[in-house]
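> how would this look folded up:
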Amino acid sequence: MTEEPLDLTPLYRVLEQYRAQRGALIPVLQKAQELYGWLPKPVLETIAREMRVPLSQVYGVVTFYAQFYLTRRGRHIIRQCDGTACHVRGAGRIISTVENRLGIRAGETTPDYRVTYEVVYCLGSCGLAPVAMVDDQVVGHLVPETMVKIVDQLQ
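I've put the predicted structure just below:
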């Protein structure tokens with residue numbers, strides 16, 4: 001898949017909004033990630049240049065905080081819990097099944113950028129174990145077959 005050229009126009013609007021604020025790097029990075037879904041190199045370079053912050057400092061912030069992503073993510077994000085309650089109730093089977101269905105390992109994104117599949121260790125919904133978050137929706141009492149149906153519906 002070839003990458004489309006990046007339109008930085010929306011980023012410049014964000015930068016204009018924060019230009020006068022000292023210490024606004026994190027909010028600018030958050031807004032940029034909202035715009036693009038991740039933080040590609042041209043975005044980071046533009047932020048560094050326009051905010052007059054060394055690129056190394058921008059990368060330092062981005063790599064320190066887990067909320068920022070340096071690789072492109074899927075249109076849909078699945079976070080499968082494998083914490084104690086979920087693990088005991090079969091999350092491992094769900095993880096294997098979803099990895100096989102998507103053709104990727106947990107922590108990866110499908111080549112068509114449709115789905116990013118992640119394993120997390122607590123979603124705070126142990127009573128629904130095994131549980132996953134599909135985009136912003138919590139789905140509980142999962143079995144592998146149900147998760148495959150959910151994955152297949154993500155278009």
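> ends of stretch 35-53, how far apart?
Stretch 35-53 has an end-to-end distance of 21 Å (criterion: CA to CA, to the nearest Å).
> quick check: buried residues in that stretch?
Buried positions in stretch 35-53, judged by neighbour count with 16 or more other CB atoms under 10 Å: 35-40, 43-44, 46-48, 50-51, 53. The way it works is simple: take the backbone N, C-alpha and C, and place the C-beta from them, glycine included.
> how about stretch 145-155?
Of the residues in stretch 145-155, those buried by neighbour count under the rule 16+ other CB under 10 Å are Met147, Val148, Ile150, Val151, Leu154.
> does Ile78 lie in a helix or a strand, and which?
Assigned by DSSP states H and E, Ile78 falls within strand 76-81.
> just the pLDDT for the residue of the chain positioned farthest from its centre.
For the chain, the largest distance from the centre (CA atoms, centre = their mean) belongs to Ala20, which lies 29.3 Å off. We have a pLDDT of 83 for Ala20.
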